[in-house]
Every structure is written in structure tokens, then in C-alpha cells.
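> coordinates for the following, if possible.
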Amino acid sequence: MKLAYNLVGIKMANIVNSHSLTEFQRNAKGFIETLNQTKEPVLLTVNGKIQAVVVDPAVYQEMEDSLERERFIAALREGLRDLDEGRSKPIEVVYAEMKAKYGF
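Residues are numbered from 1 along each chain as shown. Below you'll find the model as predicted:
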């Protein structure tokens, strides 16, 4: 099976490694063993349409970590843009507003 790589370098499933849910149910243990060895995602289909993806836990965690990093970087960039465009306040002003509004 050929794998594509997304922008953060995580393996993405190729449609070639798709199987029916029924086939998966009949041999779940075999699929899981293969998945653990190859680390390649398995696409599960129902009536010929992809309905689920089974992923090795380590690969899933890697994807989650990469997504979290990407979101963090995007938030940092947004904050820096806000600073550059004057959409910020000194912390003292923020504290005073919070104290006035919420009684902190």
C-alpha cells in the first residue's frame, strides 16, 4: 500500500487499504495484528463508502500531537498579527477591566 503524507508528515491512508466492515468483523484480530506491525491505517467501508478509519494507537497519538502543535502555532501567529495590527492592551488595563466587571 502506498501512503501519502500530509503537511505535518503523518502517514495518510490510501484507498487501496480499504476493507468492508463485515470483512473486518470476521477477522478483527488479524487486522489489528497487521495494523500493529505495519502502522498503516485501514479504511472500513459500508456499502462501498468509507465510514471509519482504524489507526494504530501510536500513530493516532502522533497525529493528535501534530494537530495540537499546528493549532498552537496558528494561535501564536494570530496573536503576533494582533500585536502588529494594534489589537492588544497592556496587562494592567486588562486586569482593571476584569476587576471592574467581575470583582476580582
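> mind listing the helices for this protein?
If DSSP state H is used as the criterion, the helices of the chain fall at 21-26, 28-38, 57-84, 91-102.
> distance of Tyr95 relative to Ser88?
14 Å (Cβ to Cβ, to the nearest Å). For the C-beta atoms, the positions are set from N, CA and C on the backbone; glycine is no exception.
> wait, Leu76
Computed as Cβ to Cβ, the Leu76 to Ser88 distance reads 14 Å.
> rewinding a little: can I get the helices of the chain in CSV with mean pLDDT?
Converted to CSV, the helices of the chain look like this (pLDDT from 0 to 100):
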stretch, mean pLDDT
helix 21-26, 97
helix 28-38, 95
helix 57-84, 96
helix 91-102, 95
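> so which of those gets nearest Val46?
Closest of the helices of the chain to Val46 is helix 21-26, at 5.2 Å (criterion: Cβ to Cβ).
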